[in-house]
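1. sequence and predicted structure below; questions after.
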Amino acid sequence: MKPEILEAADAAMPAALDRLFELLRIQSISTDSAFAEPCSAAADWLVEDLTSIGFTASRRDTPGHPMVVAHHDGPGPHVLFYGHYDVQPVDPLELWNSNPFDPQLEDTPKGKVIRARGASDDKGQLMTFVEACRVLKAETGALPCKITILFEGEEESGSPSLTPFLKANADELRADFAMVCDTGMWDADTPAICTTLRGLVGEEVTIQGADIDLHSGGYGGPAVNPLRVLSHILAGLHDADGRVTLDGFYDGVAPISNATRAQWDSLNFDEAAFLGAVGLSHLAGEQGFSALEQNWARPTAEINGIWGGYTGKGFKTVLPAKAHAKVSFRLVGTQDPAKVRSAFRAHVNAMLPPDCTATFKEHGSGPATVLPSDSAEFALSAAALSDEWPNASVFTGGGGSIPIVGHFKEILGMNSVMIGFALDDDAIHSPNEKYNLASFQKGIRSWVRVLSKLGAA
């Protein structure tokens, strides 16, 4: 790759910022129907911008907010790039230091930042890729890879239109692999490629006892209390060492390799600082595993909410007729979500005393994702990122889930490379969201390097 291309990217930064600020001003909040028109406007803006670079771009309407699909020929591998143009609501507005849709470039003790809703999640991120394509096209007259772009407008509202859209347009969207820019750096100087994501099972359980709430003075003792029953059942999900007790729960869970452990150890992760930042001091998960292992490579069972009886002001002495809880399971390896759900329900039913029944409500599920970090696209991307940033790139795990990565695998039959330039302090989904100017500028340069290296392989 010619160094002049990177110099051109730097020279084009003022214009790139102007374009990003235009997109950030569009109030594309997908969760609120009052912002349907701005969501469509954001899609139209992206179609026009991609067309100006030379993409064949179009807005694709869905039952919800539009998709943007664009294509550009190239000699290298076929890459599908994914991002989302929709953003989270801005509430509480009074906690913002400036208008969330009036982007500002601010000086901070850690350097210049772009302050606006969507600056990091995900408009700033997706525009790093778009600007890289613009620079490559302007400087070379072509792109080094064949590129398809998919920009979604419902990621922040559960992506209800995504799966049907992928299935209906699978032949058009299928590529050699996908690249997803909705993740982050390990730190401000160390780029990262996320190689694993945990799966998820969500369950809501209701324990029914008597037909109505009962006076605890008249029935306390003789009558079963569903809250006590539920508490006992939930307490039985873990043993004294923090292991989940469900039958077969650890089927498909493998230990991490020595090479992976060595790389994670080299990150010098500060567990004390990690917990201290949220007012905690003791590692509370499955014993015998580090915080990184617990977060990236071990499955969990967590109680997310429990309620029943009287919880209003004052005091009301009742035995509730019903008790409820929401429980989630994070999955790793090849754990089967359906088997985990069945094991949880069997655990609940086995612990029910007489006069109690249990009903269940599903809240979604998905398997864990393990990506082939030994593949050529991972190696080439890692090398390209290492050329750009002060520190060499690292492979990391993900404690959460990014559903699109699983959809690409299941529906389009392809793996993803997850590269992003967000930082932990970007305050995504919160007031005063920001994106470091260095993340934007070096993100553009990074994609120039990545695409060039992929195309030259």
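-> Received it, and whenever you're ready, just let me know what you need.
2. quick one: the strands in the stretch 351-457 of the chain, in order.
-> With DSSP state E, counting those that start in this stretch as the criterion, the stretch 351-457 of the chain has strands at 357-366, 369-370, 394-398, 416-419, 434-436.
3. buried set for stretch 140-158?
-> Buried residues in stretch 140-158, defined by neighbour count with 16 or more other CB atoms under 10 Å: 143-157. Every residue, glycine included, has its C-beta placed from N, CA and C.
4. restricting to C-alpha, output it in PDB.
-> Below are the C-alpha coordinates for stretch 140-158, written out as PDB (Å, rounded to 0.1, in the frame of the first residue of the first chain):
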ATOM      1  CA  THR A 140      -6.400   4.600  -6.700                       C
ATOM      2  CA  GLY A 141      -9.600   4.800  -8.800                       C
ATOM      3  CA  ALA A 142     -10.800   1.400  -7.400                       C
ATOM      4  CA  LEU A 143     -11.400  -0.600  -4.300                       C
ATOM      5  CA  PRO A 144      -9.000  -3.500  -3.400                       C
ATOM      6  CA  CYS A 145     -11.900  -5.800  -2.600                       C
ATOM      7  CA  LYS A 146     -15.400  -6.500  -3.800                       C
ATOM      8  CA  ILE A 147     -17.600  -4.800  -1.200                       C
ATOM      9  CA  THR A 148     -21.200  -5.100  -0.200                       C
ATOM     10  CA  ILE A 149     -22.500  -2.800   2.500                       C
ATOM     11  CA  LEU A 150     -25.500  -3.500   4.800                       C
ATOM     12  CA  PHE A 151     -26.600  -0.700   7.100                       C
ATOM     13  CA  GLU A 152     -29.500  -1.400   9.400                       C
ATOM     14  CA  GLY A 153     -31.900   1.000  11.100                       C
ATOM     15  CA  GLU A 154     -33.300  -1.200  13.900                       C
ATOM     16  CA  GLU A 155     -30.300  -2.500  15.800                       C
ATOM     17  CA  GLU A 156     -31.200  -0.400  18.900                       C
ATOM     18  CA  SER A 157     -34.800  -1.700  18.800                       C
ATOM     19  CA  GLY A 158     -34.300  -5.400  18.600                       C
END
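5. related to what we said a few turns ago, output the strands of the stretch 351-457 of the chain as JSON lines; include the columns mean pLDDT, mean neighbour count and distance to residue 293.
-> Listed next are the strands of the stretch 351-457 of the chain as JSON lines, based on pLDDT from 0 to 100; neighbours: other CB atoms under 10 Å; distance: least, CB to CB, whole Å:
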{"stretch": "strand 357-366", "mean pLDDT": "94", "mean neighbour count": "14", "distance to residue 293": "21"}
{"stretch": "strand 369-370", "mean pLDDT": "92", "mean neighbour count": "20", "distance to residue 293": "15"}
{"stretch": "strand 394-398", "mean pLDDT": "94", "mean neighbour count": "20", "distance to residue 293": "9"}
{"stretch": "strand 416-419", "mean pLDDT": "98", "mean neighbour count": "26", "distance to residue 293": "20"}
{"stretch": "strand 434-436", "mean pLDDT": "98", "mean neighbour count": "27", "distance to residue 293": "29"}
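6. stretch 267-280 spans what distance, first to last residue?
-> Criterion CA to CA, to the nearest Å; first-to-last residue distance in stretch 267-280 is 21 Å.
7. which stretches of the stretch 201-350 of the chain have low pLDDT?
-> Within the stretch 201-350 of the chain, not a single segment meets pLDDT under 70.
8. now do the same end-to-end measure for stretch 432-442.
-> OK, stretch 432-442 end separation, CA to CA: 22 Å.
9. and the contacts of it?
-> 9-10, 13, 16-17, 20, 95-97, 100, 105-106, 110-121, 124-125, 127-128, 185, 188, 388-389, 421-423, 425-427 (CB atoms under 8 Å, 6 or more residues apart in numbering).
10. which of the residues you listed count as buried?
-> Those of the contacts of stretch 432-442 that meet the buried threshold are 9, 16-17, 20, 96, 100, 113-121, 124-125, 127-128, 185, 188, 388-389, 421-423, 426-427, by 16+ other CB under 10 Å.
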